[in-house]
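**Student:** Attaching a predicted model along with its sequence, questions to come.
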Amino acid sequence: MIFKVLTDNGLPAHGGSGAWPLPKGDGPGAWLEAEGALELCASGLHLTSDPLVWWKPNTRVYVAEADPVGAVSDGSDKMAFRRARLVAEITTDWPYLPMFPRVRCFLAASARSRDKTADISWANLAGAYLERANLEGANLELAYLERAYLAGANLEGANLERAYLERANLEGAYLAGARLAGAYLAGARLNGAYRPTDPPAGWKPDAYGYLRREA
């Protein structure tokens, strides 16, 4: 399954230009077609298999459809396509949501970015596999994250106050500026936290292994 992350007004959330035709009612959006050579991060219609890597505040996630002919990939979660369209926006009513904990986390973080008091108990992130999730600045206060796997996640500035993180794996997570007041961390694994092996863009380890923002 492939996805597209867009802003609230249908624009690409990570570069690019032009709004995507949004689904209407029960029907998909219109097809888009890219011209010229396809190149990742430069040209083409970009889609992902892992929207949580591309989360930002006030973003939405859509199920997408694409023509695979000529598509290019670097072997990661993203591909550039010649032709693609949006099939449906994913909401809490999406019937497959129980199968996609990373998408549940995406929706919960987006809901809280619009309303900091939004109830996200429906997300049920206990045991969720959230490795390398981009949750910078996310508000996950009171989130239920027992045994969640957050190794290598970017949690810079995230609000995890009173979150239930018993036995959660936060190894290598980037926690600079994260708020953990009242969080329940019994049995949590924090080895290497603040010093991930693959830091967020714009950061690198210094001679002592601590992350510093690049000049």
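**Tutor:** Perfect, thanks for sending it. Numbering: from 1, shown residues only.
**Student:** which strands and helices sit next to the host helix or strand of Cys105?
**Tutor:** Using DSSP states H and E, Cys105 sits in helix 101-114. With contacts taken as 3 or more Cβ pairs under 8 Å, 6 or more residues apart in numbering; DSSP states H and E, helix 101-114 sits against strand 59-67. All C-beta atoms are positioned from the backbone trio N, CA, C, and that covers glycine.
**Student:** May I see the buried residues of the strand it packs on?
**Tutor:** Thr59, Arg60, Val61, Tyr62, Val63, Ala64, Glu65, Ala66 (16 or more other Cβ atoms under 10 Å).
**Student:** Next, the contact list for the third one, please.
**Tutor:** The neighbours of Val61, taking Cβ atoms under 8 Å, 6 or more residues apart in numbering as the test, are Phe3, Lys4, Val5, Leu6, Pro51, Glu89, Ile90, Val103, Phe106, Leu107, Ser110.
**Student:** Going through the residues you listed, which ones are buried?
**Tutor:** Listed as buried from the contacts of Val61 are Phe3, Lys4, Val5, Leu6, Pro51, Ile90, Val103, Phe106, Leu107, Ser110; burial here means 16+ other Cβ under 10 Å.
**Student:** between those residues, which is closest to Gly127?
**Tutor:** Val103 (15.2 Å; Cβ to Cβ).
**Student:** Just send the buried ones among the contacts of Val61 back as JSON lines, with pLDDT and distance to Ala13 too.
**Tutor:** Below are the buried ones among the contacts of Val61 laid out as JSON lines (pLDDT from 0 to 100; distance: Cβ to Cβ, whole Å):
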{"residue": "Phe3", "pLDDT": "98", "distance to Ala13": "12"}
{"residue": "Lys4", "pLDDT": "97", "distance to Ala13": "9"}
{"residue": "Val5", "pLDDT": "97", "distance to Ala13": "5"}
{"residue": "Leu6", "pLDDT": "97", "distance to Ala13": "6"}
{"residue": "Pro51", "pLDDT": "96", "distance to Ala13": "10"}
{"residue": "Ile90", "pLDDT": "97", "distance to Ala13": "14"}
{"residue": "Val103", "pLDDT": "98", "distance to Ala13": "15"}
{"residue": "Phe106", "pLDDT": "98", "distance to Ala13": "11"}
{"residue": "Leu107", "pLDDT": "98", "distance to Ala13": "15"}
{"residue": "Ser110", "pLDDT": "97", "distance to Ala13": "11"}
